[in-house]
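*Asks:* Need a 3D model of the following:
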Amino acid sequence: MSRTGSPRTHPRIRVAGSPLERGRQYGEAARDRILISRAAYEKAFQRAAGWSWEQASAAAAVFEPEIRASYPQYLEEMAGIAEGAGLSFSDVLTLNTRTEVIWAATARQASEERHRLARECTSFALLGRRTRSGRPLVGQNWDWLMHCFDTLVILEVEQPDAPNYVTVVEAGLLAKCSLNSAGLAVTTNALVTSGDRGEPGIPYHVMLRALADCELLSSAIETVQKNFRASAANYLFATGDDIAVDLEAGPGDFFAVQAILPEDGAIVHTNHFLRSPRGQDDVSLYAMPDSLVRLQRAASTIAGAAEPHDVASLRRALSDHADFPSGVCCHPRPEDEEQWATVMSVIMDPQDRRMWLASGHPCEADFVEQDFGDLLAREADLAKFRPAS
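*Replies:* A predicted model of the protein is given here:
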């Protein structure tokens with residue numbers, strides 16, 4: 001069985017200060033990787049939608065008023081990223097709406113029988129009774145375009161008015177999977193429906209940024225529900241209180257959100273709806289047909305395991321090569337016009353605020369625990385109101 005790719009070391013970037021200052025520090029530190037992202041997505045937009053970068057930027061501009069109305073501070077972060085990286089604000093906004101551009105094109109292509117695009121993620125959450133430590137574990141494989149081997153960064157954010165957080169993210173984007181000092185872990189899966197038309201709303205990666213700021217699981221659930229979302233996505237949460245909740249969300253408002261709770265202490269999710277989206281057609285399997293294989297394997301090796309899990313057993317599960325080179329641990333296929341792979345794999349313990357990261361394919365890269373010092377040790381402000389245990 002051939003292997004491709006190799007373990008990578010991704011830069012760790014710590015930022016602090018105001019939203020603009022944090023963005024500027026991020027943009028300066030990740031400038032080279034952000035420029036790679038910008039060049040790679042210019043090509044991706046052309047392949048996916050037949051759009052130039054200027055056309056994609058015009059489509060991205062419609063989201064700015066929606067973001068400004070709900071989260072103006074994230075526009076400041078984007079402005080800082082742009083300043084630090086030597087790009088325009090429009091460039092950074094376009095990067096942060098890449099999901100809306102690509103998946104809207106995929107929804108259109110589903111009726112035109114054009115080529116499929118890149119795959120996405122396999123995620124899981126295990127409650128404490130399913131782990132050797134007795135603490136919850138949550139994580140995911142992230143499968144995406146090959147250029148991301150050279151664009152991922154570990155962004156460590158210290159902020160005065162919300163929990164500190166760490167996110168493993170493409171350079172220039174606001175957030176992806178995250179763990180914060182309030183003990184909230186967020187993983188995610190892309191979904192796509194007939195309703196993904198790039199219409200105004202809160203973009204996917206802005207939503208992920210907002211979730212990193214949530215002190216409570218109930219706040220995270222409210223954040224997904226209260227906003228009019230521009231695109232479909234799955235959001236999987238776990239907390240230090242040993243609770244896990246999965247939200248399948250179509251584009252739109254509260255009525256397009258459906259919750260899934262753990263069964264036998266576990267949740268696994270891939271890139272299609274487990275419950276039919278309300279008022280929309282699920283196009284996910286057109287874009288990501290391997291999602292069915294990955295779900296079945298994760299249900300068996302993670303949710304269905306007889307023995308309790310630890311990082312070592314989860315590495316084995318996330319390295320599964322059934323249906324190689326597709327599958328849970330995804331490798332590129334030389335014959336494909338658009339190539340993708342498992343770019344990174346992460347496991348998080350939200351109770352102890354610990355994170356293990358495999359930079360690249362988990363079959364090749366060890367899970368290395370990341371030391372964030374006291375960044376995630378800071379309790380959320382709400383902690384002072386909790387009764388003594």
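*Asks:* all helices for the stretch 201-350 of the chain, in order.
*Replies:* For the stretch 201-350 of the chain, the helices defined by DSSP state H, counting those that start in this stretch occupy 204-212, 217-226, 284-287, 291-298, 311-318.
*Asks:* which other residues reach the longest one?
*Replies:* In this case it means helix 217-226. Identification of contacts with helix 217-226 by C-beta atoms under 8 Å, 6 or more residues apart in numbering yields 184, 186, 207, 210-211, 214, 235, 237, 239, 241, 243, 245, 247, 249, 253-254, 257, 259. (Glycine included, C-beta is placed from N, CA and C.)
*Asks:* Weed out the non-buried ones from these.
*Replies:* 184, 186, 207, 210-211, 214, 235, 237, 239, 243, 245, 247, 249, 257 (16 or more other C-beta atoms under 10 Å).
*Asks:* Among the contacts of helix 217-226, which are located in strands?
*Replies:* 184, 186, 235, 237, 239, 243, 245, 247, 249, 257, 259 (DSSP state E).
*Asks:* who touches the nearest residue to Gly183 once chain neighbours are set aside in this structure?
*Replies:* Nearest non-adjacent residue to Gly183, counting by C-beta to C-beta, 6 or more residues apart in numbering: Gly240, 3.1 Å away. By C-beta under 8 Å, 6+ apart, the residues touching Gly240 are 135-136, 183, 350-353.
*Asks:* Going through those residues, which ones are buried?
*Replies:* 135-136, 183, 350-351, 353.
*Asks:* Pick out the most distant pair among those residues.
*Replies:* Using C-beta to C-beta, the buried ones among the contacts of Gly240 reach their maximum pairwise distance at Pro136 and Arg353, which is 11.9 Å.
*Asks:* Which stretches in the stretch 251-389 of the chain count as strands?
*Replies:* Listed in chain order, the strands of the stretch 251-389 of the chain (DSSP state E, counting those that start in this stretch) span residues 257-260, 266-269, 340-349, 354-358, 368-369.
*Asks:* Which of those sits closest to Ala61?
*Replies:* Comparing the strands of the stretch 251-389 of the chain under C-beta to C-beta, the one sitting nearest is strand 257-260, at 26.6 Å.
*Asks:* packing partners for the closest one?
*Replies:* In terms of contacts (3 or more C-beta pairs under 8 Å, 6 or more residues apart in numbering; DSSP states H and E), strand 257-260 is packed against helix 217-226, strand 243-249.
*Asks:* one more time with 7 Å
*Replies:* strand 243-249 (3 or more C-beta pairs under 7 Å, 6 or more residues apart in numbering; DSSP states H and E).
*Asks:* partners of the strand it packs on in the sheet?
*Replies:* strand 233-239 (antiparallel), strand 257-260 (antiparallel) (DSSP bridges).
*Asks:* Make JSON lines from the ones you listed and add mean pLDDT and distance to Leu35 to it.
*Replies:* As requested, the strands paired with strand 243-249 are exported to JSON lines (pLDDT from 0 to 100; distance: least, C-beta to C-beta, whole Å):
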{"stretch": "strand 233-239", "mean pLDDT": "98", "distance to Leu35": "27"}
{"stretch": "strand 257-260", "mean pLDDT": "98", "distance to Leu35": "36"}
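*Asks:* could these go into TSV alongside distance to Lys226?
*Replies:* Shown next, in TSV, are the strands paired with strand 243-249 (distance: least, C-beta to C-beta, whole Å):
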stretch	distance to Lys226
strand 233-239	13
strand 257-260	10
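*Asks:* Which among the ones you listed is found nearest to Glu364?
*Replies:* The nearest among the strands paired with strand 243-249, by C-beta to C-beta, is strand 233-239 at 24.9 Å.
*Asks:* How far away from the center of its chain is the closest one?
*Replies:* Distance of strand 233-239 from its chain centroid, counting by C-alpha atoms, centre = their mean, to the nearest Å, is 10 Å.
*Asks:* ok and it relative to helix 204-212, angle-wise?
*Replies:* Using axes from the mean of the first three to the mean of the last three C-alpha atoms, to 10 degrees, the inter-axis angle of strand 233-239 relative to helix 204-212 is 20 degrees.
*Asks:* Any chance you could list what contacts strand 233-239?
*Replies:* Contact partners of strand 233-239, identified using C-beta atoms under 7 Å, 6 or more residues apart in numbering, comprise 123, 125, 136, 138, 183-191, 204, 211, 217, 220, 224, 244-249, 267, 269, 350.
*Asks:* try 6 Å
*Replies:* 123, 125, 136, 138, 183-189, 191, 204, 217, 220, 224, 244-249, 269, 350 (C-beta atoms under 6 Å, 6 or more residues apart in numbering).
*Asks:* just stretch 57-73 next, same as before
*Replies:* 19, 75, 90, 93-94, 97, 101, 198, 200-203, 206.
*Asks:* and the contacts of Gly240, which of them are in helices?
*Replies:* Here DSSP state H is the test, and those give no hits in helices at all.
*Asks:* of all the residues you listed, which two lie farthest apart?
*Replies:* Farthest apart among those - using C-beta to C-beta - are Pro136 and Arg353, which lie 11.9 Å from each other.
*Asks:* which element is Asp143 on?
*Replies:* Assessed by DSSP states H and E, Asp143 sits inside strand 137-145.
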